[in-house]
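> Give me the fold of what follows.
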Amino acid sequence: MLPVLAFPHIDPVAVAIGPLAIRWYALAYVAALVLAWRYLLWIAKKPGAAMTARDVDDFLVWATLAIILGGRLGYVLFYKPGFYLDHPGQILQLWQGGMSFHGGLTGMLLAMVLFCRQRKISLLGFSDMIAVATPPGLFFGRIANFINGELFGRPSDAPWAMVFPAGGPFPRHPSQLYEALLEGLVLAIVMLVLRHGTRAHEKPGLLTGVFLMGYALARIIAEFFREPDAHLGFIAAGVTMGQILSLPLLALGLGLVWWSTQRKPAVR
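Numbering: from 1, shown residues only. Predicted coordinates for the structure are as follows:
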């Protein structure tokens with residue numbers, strides 16, 4: 001039998017003060033929001049920014065609610081609708097786990113549309129800034145998944161495979177780390193290079209489209225190594241729910257990239 005890497009048992013609770021337990025997963029959300037907030041404040045000071053510092057501060061509250069509510073409702077509707085229909089009281093039990101990126105993204109899109117309409121801000125210019133600030137949060141979220149030993153990969157004989165506490169006796173792909181690398185680190189580098197090394201920010205919608213495409217491709221690839229949710233399994237022909245939900249994002253991203261690159265600049 002090939003040797004496998006030992007799973008690093010890290011307590012999911014980062015800090016415990018009496019009955020109050022602060023988990024790494026919660027800290028990942030906090031870190032994601034704070035980093036995005038500070039980055040957007042920096043960008044807002046630059047000429048031509050689609051939002052002001054005040055807009056950034058105000059939208060932080062909207063974003064927090066959109067991510068939490070959208071992520072939870074997305075998980076309820078996409079992954080366990082039957083269970084929560086029978087147990088509606090557990091929908092609000094966030095500490096039991098269960099968040100969906102696609103649901104959180106839907107919540108963010110709705111929040112951005114309403115916020116930009118209220119403030120009379122360019123929606124695509126606004127979403128382009130948000131898109132650049134998002135990947136680091138995805139990185140932290142996947143690292144938190146790894147610490148929790150959840151969302152692990154399929155059985156593997158790779159030399160870096162691990163035996164996860166909840167994954168049975170078989171070594172498995174550490175797919176959370178694959179996702180942290182692709183959705184987080186690689187996508188963050190791509191977005192930052194495009195935003196600060198090219199003139200992509202001058203084409204409204206381009207950065208948003210690249211982000212949607214990049215996330216969708218990263219998620220579709222990672223799903224080939226990730227164990228499908230036990231209560232869902234493969235939806236059809238080896239395709240997972242995560243891949244199905246990513247296809248509309250890929251199509252939307254492609255459409256935005258094409259539209260933004262073909263669109264003629266406004267005559268001044």
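> next SSE after the host helix or strand of Q176?
Using DSSP states H and E, the element containing Q176 is helix 175-179. Once helix 175-179 ends, the next helix or strand along the chain (criterion: DSSP H and E) is helix 187-197.
> Just list what the helix holding Q176 packs against, helices and strands only.
Packing contacts for helix 175-179, counted by 3 or more Cβ pairs under 8 Å, 6 or more residues apart in numbering; DSSP states H and E, involve helix 135-148, helix 206-223. For every residue, glycine as well, the C-beta is placed using N, CA and C.
> will you turn those into TSV that also has mean neighbour count, distance to P81 and mean pLDDT?
Output for the helices and strands packed on helix 175-179, formatted as TSV (neighbours: other Cβ atoms under 10 Å; distance: least, Cβ to Cβ, whole Å; pLDDT from 0 to 100):
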stretch	mean neighbour count	distance to P81	mean pLDDT
helix 135-148	22	22	93
helix 206-223	23	20	96
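> Now tabulate these in CSV and tack on distance to I22.
Converted to CSV, the helices and strands packed on helix 175-179 look like this (distance: least, Cβ to Cβ, whole Å):
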stretch, distance to I22
helix 135-148, 12
helix 206-223, 28
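> Can you check which of the ones you listed gets nearest to S127?
In terms of Cβ to Cβ, the element of the helices and strands packed on helix 175-179 nearest to S127 is helix 206-223, at 4.5 Å.
> looking just at contacts, which helices and strands does that closest one meet?
Against helix 206-223 (3+ Cβ pairs under 8 Å, 6+ apart) you get helix 123-133, helix 175-179, helix 187-197, helix 241-262.
> Now do the helix holding Q176: everything it contacts.
138, 142-143, 145-146, 150-154, 218-219, 222, 225-227 (Cβ atoms under 8 Å, 6 or more residues apart in numbering).
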